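Enquirer: Sharing a sequence plus its predicted fold:
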Amino acid sequence: MTSTLRYALIGIAAVGGILLLAMPLVPYRVPLQKNSMHAALFPVSDTASASDTSDKLPSPQLAAGAAMVYDPLGNKILFEKNSDSVFGIASITKIMTAIVALERVGEHELIPIRKEAVDVEGIEGGLYVGERFPLHNLVLLMLITSSNDAAAALAEYIGTLYGANSFEESQHVFTVLMNETARKLGLVNTHFENPTGLDIDEDARIISNVSTPRELSQLIAHALGYPLIQNIYSAPSVITSLDGISHELVSTHTLLENEAGIISGKTGFTDTAGGTLATVAEVPLGKLSIMVILDSTRQDRFQDTVRLLEWLRAQ
């Protein structure tokens, strides 16, 4: 990322960032509605279209059910498809998990890994019971490898700080904080049931966490105001716990290695939510774009993102 873009993102965070203070723990179920102020900033569309500034080329044809390309520095929508439709977001959830953690705990505070967190579904990250990590390393491990264990451990630690007396209660308390943060950010169609993105009940095909391409674009723009998230592209390839155990940081976003201009991103997949993908790219040089793909498949989410990148390069 160029230094000009970095300073611009810091400016966005300074002007538009929200100081999240300790908030009452009141569960909140999201109403599926449009927010008038939010709609004024992000015009509503339920069809595939390019903005006025990008309509010299045909809109890219995507397999995904919903998508958006957003310019956070110019506050412009460059492309949208069903951008206000609500879908499961799977592990893109972990962006909000990171925000809530970074707002409430110092980056160097030690987070212990307990058995209940390791027992959460998924093996990404390869955490061991009894390990300890500074919060910033655990956030990196969660975002890059999509570790459910790391997300659950963060939620357990912070939930306990807020008075939780069990693992299950800590996950609930943390999820309440996630939903309160969504409300503070004006994300009225975004709702969380857990900090990982796992389905509530895979057999019953019940999706846990939902949002829209429009609101995820806003969430990601907000997340880029955090230096740890903004500079995730320069994260080390290996981190070591305080107990001397090394963990390789292998990104689940396969396009990072073979598509020029991609800075960072977050993948997601569950059987119920399908494939999801968020990507931050500097394409062309000096222009920042946030791309969100929802309601897709494991493979199509990457192919659609490549189509969007090619479309941006052709502008």
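Expert: Looks like it arrived, so ask away.

Enquirer: so where do the helices sit in the stretch 201-315 of the chain?
Expert: 213-223, 227-230, 300-313 (DSSP state H, counting those that start in this stretch).

Enquirer: Any chance you could give me the first one in PDB, C-alpha atoms only?
Expert: Output of helix 213-223 as PDB, limited to C-alpha atoms (Å, rounded to 0.1, in the frame of the first residue of the first chain):
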ATOM      1  CA  PRO A 213     -22.400  -6.300   0.500                       C
ATOM      2  CA  ARG A 214     -23.100  -2.600   1.200                       C
ATOM      3  CA  GLU A 215     -22.700  -2.900   5.000                       C
ATOM      4  CA  LEU A 216     -19.700  -5.200   4.800                       C
ATOM      5  CA  SER A 217     -18.000  -2.600   2.600                       C
ATOM      6  CA  GLN A 218     -18.600   0.000   5.300                       C
ATOM      7  CA  LEU A 219     -17.400  -2.400   8.000                       C
ATOM      8  CA  ILE A 220     -14.200  -3.100   6.100                       C
ATOM      9  CA  ALA A 221     -13.600   0.600   5.500                       C
ATOM     10  CA  HIS A 222     -13.900   1.200   9.200                       C
ATOM     11  CA  ALA A 223     -11.600  -1.800  10.000                       C
END
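
Enquirer: Give the buried residues for it.
Expert: 213-223 (16 or more other Cβ atoms under 10 Å). C-beta here means a position set from N, CA and C on the backbone, and glycine is covered the same way.

Enquirer: What lies in contact with that helix?
Expert: Contact with helix 213-223 is made by 12-13, 16-18, 38, 42, 66-68, 70, 72, 80-85, 89, 92, 95-96, 98-99, 182, 185-190, 211, 229, 278, 280, 290, 292-294, as judged by Cβ atoms under 8 Å, 6 or more residues apart in numbering.

Enquirer: taking the mean pLDDT, what do you get for it?
Expert: Helix 213-223 shows a mean pLDDT of 98.

Enquirer: Please check the contacts of helix 213-223 and keep the buried ones.
Expert: Applying 16+ other Cβ under 10 Å to the contacts of helix 213-223 flags 12-13, 38, 42, 66-68, 70, 72, 80-84, 89, 92, 95-96, 98-99, 182, 185, 187-190, 211, 229, 278, 280, 290, 292-294 as buried.

Enquirer: So which of those residues are in strands?
Expert: 66-68, 70, 80-81, 211, 278, 280, 290, 292-294 (DSSP state E).

Enquirer: Between helix 213-223 and whichever strand or helix holds residue 141, find me the angle.
Expert: Using DSSP states H and E, residue 141 falls within helix 135-145. Angle of helix 135-145 versus helix 213-223, following axes from the mean of the first three to the mean of the last three Cα atoms, to 10 degrees, is 150 degrees.

Enquirer: So, low pLDDT: which residues of the chain?
Expert: By pLDDT under 70, the weakly predicted segments of the chain are 1-56, 202-204.

Enquirer: Tell me which residue is most central in it.
Expert: In the chain, the residue lying closest to the centroid (Cα atoms, centre = their mean) is residue 95, at 3.1 Å.

Enquirer: which ones are touching that residue?
Expert: With Cβ under 8 Å, 6+ apart, residue 95 has these contacts: 143, 219-220, 223, 229, 266, 278.

Enquirer: For these, work out which two are farthest apart.
Expert: 143 and 219 (13.4 Å; Cβ to Cβ).

Enquirer: Compute the number of surrounding residues for residue 310.
Expert: Around residue 310 sit 12 other residues, with neighbours defined as other Cβ atoms under 10 Å.

Enquirer: And it, how far from residue 286?
Expert: 18 Å (Cβ to Cβ, to the nearest Å).

Enquirer: With residue 69 instead?
Expert: For residue 69, the distance to residue 286 - Cβ to Cβ - is 16 Å.

Enquirer: repeat for residue 105
Expert: 35 Å.

Enquirer: remind me, longest helix of this protein?
Expert: The residue-count maximum for a helix in the chain (DSSP state H) belongs to helix 167-184.

Enquirer: tell me the angle that helix makes with helix 213-223.
Expert: Using the same axes, to 10 degrees: helix 167-184 against helix 213-223 is 100 degrees.

Enquirer: Tell me the helices and strands packed up against helix 167-184.
Expert: helix 93-104, helix 148-161 (3 or more Cβ pairs under 8 Å, 6 or more residues apart in numbering; DSSP states H and E).

Enquirer: ends of stretch 61-74, how far apart?
Expert: Its start and end residues considered, stretch 61-74 measures 24 Å (Cα to Cα, to the nearest Å).

Enquirer: no wait, stretch 77-92
Expert: End-to-end distance (Cα to Cα), stretch 77-92: 20 Å.

Enquirer: likewise stretch 270-288?
Expert: 29 Å.
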